[in-house]
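**Student:** The following comprises the amino acid sequence and a computationally predicted model.
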Amino acid sequence: MRQFSPFDQMINSFDQALRSLVPGVTTASRENPAETHSAELSINESRHVAGLMRVNHSGEVCAQALYHGQALTAKLPSVRTEMEHAAQEEEDHLAWCEDRLKELNSIPSLLNPVWYSLSFAMGAVAGIAGDKYSLGFVAETERQVSEHLLAHLSQLPEQDQRSKAILEQMNTDELHHRDTALQAGGVDLPKPVQILMTVISKTMTKTSYYI
Ligand SMILES: [Fe+2]
Ligand SMILES: [Fe+2]
């Protein structure tokens, strides 16, 4: 396999970041689950759902960054294919959230570069700490994402079947990603790290709803 110089890797990481952050660049490899569903929303409902979907979109930007950071530093000899598959599914999630935001006449969070940088750094550090921590970090992230998704599902207006279909498929995938990481040897992260992750994700959810 070709060896990349640190400069090559830097360019590659920058390219991956741009692809995750520039709207319209990431495309889904699976059909959007919203496709066969409808959603008739009032202006106020649309605004609320757009806020929720903007948070979910930011979460997916973080997932991209986490997997990119991890791929750069973690060894993962036995589960690299599974992790690449999970990263591919995260691209679907990102594209679906972006599509839904567009349908709601809204835009992704302006703070996404900040969330991307933080998650990339955390993913890379976890990878350096060792594969069991790196996988533990994936498992904990996916668990927290699933928690948010369930909370958002309960806040959606009843008639918004389009957002519901997307969030339900995402939740199924995230739980699968979590199980894969745990089965591959992911360990529980130290409590302070879990708390730091919760603080960052709470800050993200509170701000991305509005900006
Ligand atoms: Fe995801
Ligand atoms: Fe995931």
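**Tutor:** Yes, it's here. Ligands and ions are numbered 1, 2, ... in the order given.
**Student:** Now do the SS call for the residue nearest in space to the middle of the chain.
**Tutor:** Nearest to the geometric centre of the chain sits Glu60, at 2.3 Å (C-alpha atoms, centre = their mean). With DSSP: H, G, I helix; E, B strand; the rest coil as the basis, Glu60 sits in helix.
**Student:** so how far is Asn44 from the nearest residue in space to it that is not next to it in sequence?
**Tutor:** Residue nearest to Glu60 in three dimensions, not counting chain neighbours: Leu94, with 4.2 Å by C-beta to C-beta, 6 or more residues apart in numbering. The way it works is simple: take the backbone N, C-alpha and C, and place the C-beta from them, glycine included. Leu94 sits 26 Å away from Asn44, going by C-beta to C-beta, to the nearest Å.
**Student:** more crowded one of the two?
**Tutor:** For Leu94 versus Asn44, neighbours defined as other C-beta atoms under 10 Å are more numerous around Leu94 (25 against 9).
**Student:** per-residue pLDDT, that one?
**Tutor:** Note on Leu94: pLDDT of 94.
**Student:** Confirm for me that it is in contact with Ser58.
**Tutor:** No: Leu94 sits out of contact with Ser58 when judged by C-beta atoms under 8 Å, with a separation of 10.0 Å.
**Student:** can you tell if the host helix or strand of Gln9 touches ligand 1?
**Tutor:** Using DSSP states H and E, Gln9 sits within helix 6-21. No: applying C-beta under 5 Å from the ion, one finds helix 6-21 separated from ligand 1 by no less than 12.0 Å.
**Student:** how far out from the middle of the chain is that helix?
**Tutor:** 17 Å (C-alpha atoms, centre = their mean, to the nearest Å).
**Student:** For it, give me every contacting residue.
**Tutor:** Contacting residues not belonging to helix 6-21 are listed as 4, 25-26, 61, 64-65, 68, 72, 94, 112-113, 116, 120 [C-beta atoms under 8 Å, 6 or more residues apart in numbering].
**Student:** List the buried residues in it.
**Tutor:** Buried residues in helix 6-21, counting neighbours by 16 or more other C-beta atoms under 10 Å, are found at Ser13, Gln16, Ala17, Ser20, Leu21.
**Student:** Just the buried residues out of the contacts of helix 6-21, in ChimeraX syntax.
**Tutor:** Applying 16+ other C-beta under 10 Å to these, the buried members can be selected in ChimeraX as follows:
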select :26,61,64,65,68,72,94,112,116,120
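**Student:** so which pair among the contacts of helix 6-21 is furthest apart in space?
**Tutor:** Phe4 and Asn112 (26.0 Å; C-beta to C-beta).
**Student:** which residues touch the residue in the chain that ligand 1 sits nearest to?
**Tutor:** Per C-beta to the ion, His93 is where the chain lies closest to ligand 1, at 3.7 Å. Contacts for His93 (C-beta under 8 Å, 6+ apart) come out as Asn56, Glu60, Ala63, Met170, Asp173.
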